[in-house]
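Engineer: need a structure here:
(one chain, ligands or ions: 2)
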Amino acid sequence: MVNPLKVVIAGCSGRMGHALLEGVFADVELVLHSALDRADNIHLGRDAGEQFGRVSGVKVVSDIDVALKGADVLVDFTRPEASMTYLAACQKHQVKMIIGTTGFSVEEKQAIEAAAKNIAIVFAPNMSVGVTLLINLVEQAARVLNEGYDIEVVEMHHRHKVDAPSGTALRLGEAAAHGLGQDLKDCAVYAREGVTGEREAGKIGFATMRGGDVVGDHTVVLAGIGERVELTHKASSRATFALGALRAAKYLADKTSGLYDMRDVLGLR
Ligand SMILES: NC(=O)C1=CN([C@@H]2O[C@H](COP(=O)(O)OP(=O)(O)OC[C@H]3O[C@@H](n4cnc5c(N)ncnc54)[C@H](OP(=O)(O)O)[C@@H]3O)[C@@H](O)[C@H]2O)C=CC1
Ligand SMILES: O=C(O)C1=N[C@H](C(=O)O)C[C@H](O)C1
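Structural biologist: Numbering: from 1, shown residues only. Ligands and ions are numbered 1, 2, ... in the order given. Here you go, the predicted structure:
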């Protein structure tokens, strides 16, 4: 049997951290190498499996250099500032990276692109199979319904989410813009309030809802005269994102550098 992939989980006590740990524990092709969290996190020094009533033999640490020593891949679902620190450390230790964190600035995205010249990275705002397919469907729909249809991206997430619109909504907006032969930065409308005037043709609008425990709902509406097309994805469990991220980690096993997304991982490009 091939040696299991040595995986580091960052933000291990977060919502996605939990789902990822469960995914690693359940997969014989993966082994938990380290579990990372902030220096002031209450789980620090405790067994990473404690929250699931199991002993993994891996204690939660905050020292990235300790965590990465001898590791194959780091899976990061945290916040952009943490991701940037981990990105630098992964290059130093030649550890591959799966980046699921959202809310990056343009400059931070450029830093990820540059780092991928040195290490292999899968970077995607949504690691589910369904959303990866949806991205392709939205691009195709926008290409076909190019004239006379207004495109709006609507998303809803749980009350704890800190960035808006979601990374997925922005990615779907990019796909729609690409289908229209445009760049999202030239046609996005992120907010409407007051007397806005009539809707301008060719714009892509975004609407954000936050509440309760919604895992992640996205709908792209293409509204024409007399009809509209709605393409919707609803995530009901974070396991879908975690399983996608761990599949991405295996995809990188034979890669030494390069920037990939879930379309590469799933062969949907
Ligand atoms: N690509 C995808 O498929 C998906 C992406 N996401 C994205 O993943 C990210 C995390 O989401 P979620 O798990 O819900 O968030 P949580 O807030 O539940 O978890 C975030 C984790 O990161 C840690 N963290 C935050 N800031 C830092 C920092 N500066 N240094 C070190 N660790 C830090 C937190 O520690 P502490 O608790 O101590 O702050 C926590 O353990 C978000 O950006 C979200 O949008 C989410 C789901 C799917
Ligand atoms: O914060 C979340 O929860 C999610 N974030 C991702 C995003 O911003 O698109 C993906 C998913 O929808 C859940």
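
Engineer: against ligand 1, how distant is the closest residue to ligand 2 within the stretch 1-150 of the chain?
Structural biologist: Nearest residue of the stretch 1-150 of the chain to ligand 2: Thr102, at 3.7 Å (CB to the nearest ligand atom). C-beta: built from backbone N, CA, C; applies to glycine. Between Thr102 and ligand 1 the computed distance is 4 Å (CB to the nearest ligand atom, to the nearest Å).

Engineer: burial measure for that residue, as a count.
Structural biologist: The number of residues packed near Thr102 is 23, by other CB atoms under 10 Å.

Engineer: do Met209 as well
Structural biologist: Every residue meeting other CB under 10 Å relative to Met209 is counted, giving 11.

Engineer: who's in contact with it?
Structural biologist: Listed by CB atoms under 8 Å, 6 or more residues apart in numbering, the contact set of Met209 reads 154-157.

Engineer: any idea what it is bridged to?
Structural biologist: Met156 (DSSP bridges).

Engineer: any idea how far Glu155 is from it?
Structural biologist: According to CB to CB, to the nearest Å, Met209 and Glu155 sit 7 Å apart.

Engineer: same check on Ala35?
Structural biologist: Plainly put, Ala35 is 30 Å away from Glu155 if you go by CB to CB.

Engineer: what about the two, which has more around it?
Structural biologist: Ala35 (28 against 25).

Engineer: hmm, the host helix or strand of that one in reach of ligand 1?
Structural biologist: Here Ala35, judged by DSSP states H and E, is contained in strand 30-36. No: using CB under 6 Å from any ligand atom, strand 30-36 stays clear of ligand 1, with a minimum separation of 7.2 Å.

Engineer: can you name the element that comes right after that strand?
Structural biologist: Downstream of strand 30-36 (by DSSP H and E), the next one is strand 60-61.

Engineer: say whether ligand 1 is contacted by that following strand.
Structural biologist: No: interface with ligand 1: strand 60-61 contributes nothing (CB under 6 Å from any ligand atom), its closest point being 9.6 Å away.

Engineer: so what touches that strand?
Structural biologist: Contacts for strand 60-61 (CB under 8 Å, 6+ apart): 12-13, 34-37, 41, 43-48, 67.

Engineer: Gly130 contacts His233, correct?
Structural biologist: Yes: counting by CB atoms under 8 Å, His233 is a contact partner of Gly130 at 4.9 Å.

Engineer: just want the residue of the stretch 101-250 of the chain that's nearest ligand 2.
Structural biologist: For the stretch 101-250 of the chain, CB to the nearest ligand atom, closest residue to ligand 2: Gly216, 2.8 Å.

Engineer: quick one: contacts for the nearest residue in space to that residue that is not next to it in sequence?
Structural biologist: Spatial nearest neighbour of Gly216, excluding adjacent residues (CB to CB, 6 or more residues apart in numbering): Ala235 at 4.2 Å. Contact analysis of Ala235 by CB under 8 Å, 6+ apart lists 128, 130-131, 215-217, 241.

Engineer: check Leu266 too.
Structural biologist: Leu266 makes contact with 129, 132, 247, according to CB under 8 Å, 6+ apart.

Engineer: out of these, which are buried?
Structural biologist: 129, 132, 247 (16 or more other CB atoms under 10 Å).

Engineer: so which of those residues comes closest to ligand 1?
Structural biologist: Thr132 (9.8 Å).

Engineer: mind checking pLDDT for the residue of the stretch 101-250 of the chain closest to ligand 2?
Structural biologist: We have a pLDDT of 98 for Gly216.

Engineer: related to what we said a few turns ago, higher neighbour count, Gly130 and His233?
Structural biologist: Between Gly130 and His233, counted using other CB under 10 Å, the more crowded position is His233 (23 against 14).

Engineer: pretty sure that one sits in a strand.
Structural biologist: Yes: His233: assigned to a strand according to DSSP: H, G, I helix; E, B strand; the rest coil.

Engineer: what is it paired to in the beta sheet?
Structural biologist: His218.

Engineer: tell me the domain ranges of the protein?
Structural biologist: With domains defined by automatic domain parsing, the chain comprises 5-123+238-265, 129-235.
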